[in-house]
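J.: Sequence plus the predicted model coming up.
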Amino acid sequence: MAAQAPAMPAIRLSWWIDDPRMRRMLLRLFGGALAVFIGIPLLTLVLWSFAGEWFWPNLIPTQWSLRWWQEVLENPRVIDAMVLSFTIAPVVTLLTAVVAIPAGYAFARLDVPYRRTLLLLFLIPNAFPRIGLYVSLAVLYYQIGLIDTYWGVVFLHMIGTLVYMTWITTATFRSIDPHLEEAARDAGASPLRAFFSVVLPLALPGIIVASLFSFLASIDEAQGTLIVGTPHYITMPVLLYTLISSFQRPVAAVFSVLLALPSLLLLVVAQRYLHSEYVAAGLGRV
Amino acid sequence: MAVVTSARAVPRPRRFDRSRAAGVLLVLPSLVYLTLFVFIPVIKAFATSFTVRDRDDAGNYTYRVGLDNYAQLATSDTLRANVIFTVFIAVTSVAIVFVIAYVIALALRFGKGPTAKFLGRIYIVPLFIPSVIASYAMITFLANHGFVDGILQALGLPDGAFPKIVFDWKGIVITQVWLSLPFMTVLLSSVLLEISDSLIESARDVGASSWQIFRHIVLPLSAPGALIGVTFMFLGVIGGFTVPYLLGPNAPQMLGVSMVYYMTNYFEPYIASTQAVAIFLLSLVAAVYYVRQQFKREIR
Amino acid sequence: MAEVELRHVTKSYKDTTAVDDVSLAIKDREFVALLGPSGCGKTTTLRMLAGFIRPDAGQIVIDGKDVTDLPPEHRPTAMVFQSYALWPHMTVADNIAFGLRLRRLPQAEVADRTARMLDVVGLPGVTKRYPSQLSGGQQQRVALARALVLGPKILLLDEPLSNLDAKLRVRMRDEIRRIQQELQITTVYVTHDQEEALTMADRIAVMNGGVLQQVGDALDIYDRPATAFVADFIGSSNLLTGILRLAGTRALAQVGDARVPVEADGLADGAAVTVSARPEDMEVLREAAPDAFRLDDTRLVNFGAYKRLLGRHPAFGQLEARVPKAFRLGDEPVYLRFTRARAFAGDPKPRG
């Protein structure tokens, strides 16, 4: 059908995409624009964090200084928030792993009754608007006394991480040939022994990546913590809300850079293991 | 020695099935957690949204079931404007992200040069930036008397001519695009990876141009997977708080912000819950689609 | 000293019966092949022997002991998987030693037995390598060593050669048979490849649609197939439908106008039968004769040592005969006569 009629409009519409040289040039332009769009806002933050004096419309600070860093790092509220964030995140990650890994294994391998229904239930946290869920949870927390408590914050953080880790581990366990486990049973290993000797080591990369992302998601969670954690459980991103709202630009900038560090560290570490499926499985950090 | 042909054996007694029991046991903790911290709040939110609180003459509260909260949502100009604003923001940002992410994904899938490699390195960065920081970075970048404004000044734009982006819908959309780009790109890339090279090559074989291949092969084949990404992001934007809270206008507000205000400032859980349910219902079509598609993938 | 018995073993899934009332006794040191097309239930049967699947009905008995409810780790069986299932995160030595270590054997003995087993499978000196660094054939040998090192009473092999190329498959065939003979181990071997089954096994159990069709040695199965399915599945057969006529001790099948002498054990006069004959049991005639089938569209396919004559009968479809390599086709038509055939009750279409 396409062979006979030389469709003029189609050619006109797409001349630039059919010409390799043109395409390459457009792609370069696009790449440059994207780099500016993604990179420069972050760079501005870094510049602000080292700015001693920066009067608009200068494009770089007129004076450099480390005094904002000093101020932030000596601020007890900042220290408290950092300590809190870093005591919540490991607990969230650990609890999530303990709850999600068995579930992931069961979904991947075992004959779970009502498997379809259960899997459907596991999708609900992502289908209900997150902030709506947090608000409803806050109402519940008021009634059962979890509002403004450490565990209240931990359990809220687990909503996102649990679903995410269950999916990742399900996918990971499913990608492991079940015969490997059967071979271990055949060689005389109990079900538990087969899991720890064969399945777990092979699933470890997936579990580690999922744990790192859970850790990060907990460190970065702001909106839910703001609702159920104030006024006593102020984590780093919640504190950043207040810093931004109070228009202390360099302080907020320093704090932002500080808060982004763990994530960027992960970016470097994880890039090798970062299979697209892990992210595609639903990292709900929108 | 031939086949034994005596009477059939009686069925073995149904033994306690260890696999099923183990399955239940392993799933149970996560199910208990989800019930307590997700299902009950969701159900309560529905219940609360249908609960009306009246005050009698003696100043006592009485409660009844009714649709008054929804009526208020529909008739109050402010609340209705919020609903429309929320949908507008979500649709706009999803559309923009989709186009940009598709271009990147195409380049990653089919491009081989250094530009494709470069794109592959940078698009992922926002995934690792918390949304609070991203919002703040965008404020310093796009605000009046911000970085972009400064550059435009240097290029000769008169002071004050810079459009209002921050504390406006544009700011929300741009930041939302910035934040959602990696997720959408990763998803689209994985979808495009599933399209085999042989399909492309056979199309090229019969003389299809790049554009025709894209239009008639790549786009239709990637549509189902791409829609999962679109719905997921739509749900995320609609239920988001941080970005509109930090970058949005005072009015209209996105529902996420408005909900939290009703909850924490006015202490009005009824209206707050109603808004939550309203968002949910608004996105129900998307949610159902998302759940069904994701489900198809889960089930072998 | 290791006998296995399946007694009326049945396993059903939601809408299919994978294994239907299978009974089979395997003698000590015997090599039995479970042969059948894919989906015939042979692998399910093997996995029930290994303990990965629990039968719905029936018993599995090893050396007089009912093991039906025992999990795989408590059965004296060892399995070689089609995919080999070597643990990729362990070295060859660790793969083989895994089961020995579970049994808490002393370090020296573990190393000694591992090395010895690698010698048996003809693969010394690869202990420190990982499975991914080995070729398919080598992985196969490691999988065999891993199964054998525990000294199982029964060796189970699930299509172990299907991932190897043709040459290697033939070599490994002999190798597995040699090892089996050397270790004198009772072996059950699942395959869909009749050549493997015919050349390796002492006895062959042919399965179809979950039902055991016939058990016997290669000659039994080939020469005296018990069902039309076996006749069709093993080697190749000409299959025709007809009516059985008994006359004294002689049995004839009326196929169209022709009468074909058949072996028909226990079938009644007037029964509808499937007549099956091997291509080598066909006589090729150059002119019409009573009880001969005329062939149209004839062609020859050269197999080197012999040729196959293929043609179509107007009523009965494709027929074939094995002919000497000197055979030539002329312009005149060719006729086939059945010199030896068997009759089976019912339809020739294989079930499942």
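T.: Sure, I can see it.

J.: going forward, measure contacts between C-alpha atoms and count neighbours the same way
T.: OK.

J.: Excluding chain neighbours, what is closest to B:I139?
T.: B:V166 (6.3 Å; CA to CA, 6 or more residues apart in numbering or on different chains).

J.: Run the chain-centre distance for the strand or helix carrying A:G224.
T.: Secondary structure from DSSP states H and E places A:G224 in helix A:223-229. With CA atoms, centre = their mean, to the nearest Å as the basis, helix A:223-229 stands 17 Å off its chain's centre.

J.: Check which helices and strands that helix is in contact with.
T.: When contacts are defined as 3 or more CA pairs under 8 Å, 6 or more residues apart in numbering or on different chains; DSSP states H and E, helix A:223-229 sits against helix A:130-144, helix A:150-175, helix A:236-245.

J.: Can you check what pLDDT the model gives the residue nearest to C:L252 when sequence neighbours are not counted?
T.: Once flanking residues are discounted, C:L252 sits nearest to C:P261: 4.4 Å by CA to CA, 6+ apart. Listed pLDDT for C:P261 reads 88.

J.: Low-confidence regions, the stretch 51-200 of chain A specifically.
T.: Applying pLDDT under 70 to the stretch 51-200 of chain A picks out no residues at all.

J.: got the contact list for C:K153?
T.: C:2, C:76-77, C:185-186 (CA atoms under 8 Å, 6 or more residues apart in numbering or on different chains).

J.: ranges for the strands of chain B?
T.: With DSSP state E, the ranges of strands along chain B come out as B:51-55, B:61-65.

J.: The last one: partners in the sheet, and parallel or antiparallel?
T.: Read that as strand B:61-65. Strand pairing for strand B:61-65, determined by DSSP bridges: strand B:51-55 (antiparallel).

J.: now the strand it pairs with: mean pLDDT?
T.: For strand B:51-55, the mean per-residue pLDDT is 84.

J.: what do you get for stretch A:35-49?
T.: 90.

J.: Look up how far B:T35 lies from the most centrally placed residue in chain A.
T.: Nearest to the mean C-alpha position of chain A, by CA atoms, centre = their mean, lies A:A217 at 4.4 Å. As for A:A217, its distance to B:T35 is 21 Å (criterion: CA to CA, to the nearest Å).

J.: distance between the strand or helix carrying C:F344 and the chain's centre?
T.: C:F344 is part of strand C:342-345 when elements are defined by DSSP H and E. Distance, stretch centre to chain centre, for strand C:342-345: 21 Å (CA atoms, centre = their mean).

J.: now that strand: mean pLDDT?
T.: Per-residue scores along strand C:342-345 average to 86.

J.: The top helix by length along chain A versus helix A:150-175: what angle between them?
T.: The helix that spans the most residues within chain A, counting by DSSP state H, is helix A:76-109. If you take axes from the mean of the first three to the mean of the last three CA atoms, to 10 degrees, helix A:76-109 sits at 40 degrees to helix A:150-175.

J.: Give me the next element, helix or strand, following helix A:76-109.
T.: Assigned by DSSP H and E, the successor of helix A:76-109 is helix A:115-121.

J.: so what does that next one touch, helix or strand wise?
T.: Secondary-structure packing of helix A:115-121 (3+ CA pairs under 8 Å, 6+ apart): helix B:284-298.

J.: quick one on the thing from earlier: what's the helix or strand hosting the residue nearest to the centre of chain A packed up against?
T.: Using DSSP H and E, A:A217 falls within helix A:200-220. Contacts defined by 3+ CA pairs under 8 Å, 6+ apart place helix A:200-220 against helix A:76-109, helix A:150-175, helix A:236-245, helix A:249-270.

J.: With C:A147 as the reference, measure out to the residue lying closest to C:K27 once chain neighbours are set aside.
T.: Closest residue to C:K27 apart from its sequence neighbours, by CA to CA, 6+ apart: C:E3 at 5.0 Å. For C:E3, the distance to C:A147 equals 18 Å [CA to CA].

J.: Settle it for me: which of the two has more neighbours?
T.: Taking neighbours as other CA atoms under 10 Å in any protein chain shown, C:E3 and C:A147 compare with C:A147 leading, 27 against 18.

J.: Could you pull out the buried residues of stretch B:90-98?
T.: B:90-94, B:96-98 (16 or more other CA atoms under 10 Å in any protein chain shown).

J.: correction: stretch C:207-224
T.: C:207-218, C:221-222, C:224.

J.: List, one by one, the residues from chain C near chain B.
T.: Counting by CA under 8 Å from any CA of the partner chain, the residues of chain C close to chain B are C:7-9, C:21, C:23-24, C:55-58, C:212-216.

J.: Go through those and say which is closest to chain B.
T.: Nearest to chain B among the residues of chain C next to chain B: C:A57, at 4.1 Å, using CA to the nearest CA.

J.: element containing the closest residue to chain C within chain A?
T.: In chain A, no residue comes nearer to chain C than A:G188, which is 3.9 Å away by CA to the nearest CA. Of the helices and strands defined by DSSP H and E, none includes A:G188.

J.: What residues does it make contact with?
T.: By CA under 8 Å, 6+ apart, the neighbours of A:G188 are C:72-74, C:99, C:102.

J.: That one and C:L70: what is the separation?
T.: Distance, A:G188 to C:L70, using CA to CA: 12 Å.

J.: A:Q63 is in contact with A:A51, isn't it?
T.: Yes - using CA atoms under 8 Å, A:Q63 makes contact with A:A51 at a distance of 6.1 Å.

J.: neighbour count winner among the two?
T.: A:A51 (23 against 11).

J.: Provide the partner residues of that one in its beta bridges.
T.: A:W64.

J.: Would you agree it is in contact with A:P61?
T.: Yes - the criterion here is CA under 8 Å, and A:A51 meets it with A:P61 at 5.4 Å.

J.: Surely C:L156 is in a strand?
T.: Yes - counting by DSSP: H, G, I helix; E, B strand; the rest coil, C:L156 is found in a strand.

J.: can you list the residues that contact stretch B:33-45?
T.: A:122, A:125, A:128, A:133, A:136-137, A:140, A:155-156, A:159, B:273-274, B:276-277.

J.: Recalculate using a threshold of 6 Å.
T.: Residues outside stretch B:33-45 that contact it (CA atoms under 6 Å, 6 or more residues apart in numbering or on different chains) are A:136-137, B:273.

J.: With stretch A:63-75 instead?
T.: By CA under 6 Å, 6+ apart, the list of residues contacting stretch A:63-75 reads A:50-53, A:251.

J.: can you do 8 Å?
T.: Under the criterion CA under 8 Å, 6+ apart, residues A:49-54, A:78-79, A:250-251, A:254-255 lie in contact with stretch A:63-75.
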